[in-house]
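Enquirer: Sequence first, predicted model second:
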Amino acid sequence: MKTRYAVALALLGGVAVGATAIQGLHAQTKPPVYIVNEIDVTDPAAFQTYADRQSQAIQKHGGRYIIRGGKVTPMEGAPPKRFTIYVFDNMDKMQAWEGDQADIKPLRAKAGTFRTFAVEGLTN
């Protein structure tokens, strides 16, 4: 009889430890962060220099382009002339990239008008 209690107690303890570990792993998952840009290019040469430098900075911090240029089809309202979206694995990587923008922002200001924002995505 005591053996049954010991086995049952050990089983319940294992389940509790496993559930706690799984919950901890899920809590560590951070959502991806998407950077969305609506761009009106005013200086194409400056924009090309900016785009080349920005691409290197994005890659340096583990980001990747989802949309880069391409045809924009209006569906409702006036669409931007140019549109980009890139993604970072999490907010920490996006913030590291943002902190690395001091040399690039003056190029950006010369290249055109930007509307930029970050959006957290869904965790997998």
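Expert: Received, thanks.
Enquirer: Low-confidence stretches in this structure?
Expert: 1, 4-28, 124 (pLDDT under 70).
Enquirer: Nearest to the spatial middle of it, which residue is it?
Expert: For the chain, the residue nearest the mean C-alpha position is residue 33 (2.3 Å; Cα atoms, centre = their mean).
Enquirer: Isn't that residue up against residue 92?
Expert: No - with contact defined as Cβ atoms under 8 Å, residue 33 does not count as touching residue 92 (9.1 Å). C-betas here are computed from N, CA, C, even on glycine.
Enquirer: Assign the residue nearest to residue 122 when sequence neighbours are not counted to helix, strand or coil.
Expert: Computed as Cβ to Cβ, 6 or more residues apart in numbering, the closest residue to residue 122 that is not its neighbour in sequence is residue 31, at 6.3 Å. Secondary structure, DSSP: H, G, I helix; E, B strand; the rest coil: residue 31 is coil.
Enquirer: what sits against residue 31?
Expert: For residue 31, the contact set (Cβ atoms under 8 Å, 6 or more residues apart in numbering) comprises 90-91, 120-123.
Enquirer: Could I have the ChimeraX command that selects the buried members from the residues you listed?
Expert: With 16 or more other Cβ atoms under 10 Å as the criterion, this ChimeraX line picks the buried residues out of these:
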select :90
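Enquirer: looking just at contacts, which helices and strands does the helix or strand where residue 50 lies meet?
Expert: Per DSSP states H and E, residue 50 falls inside helix 44-60. Helices and strands touching helix 44-60, as assessed by 3 or more Cβ pairs under 8 Å, 6 or more residues apart in numbering; DSSP states H and E, comprise strand 64-68, helix 91-99, helix 105-111.
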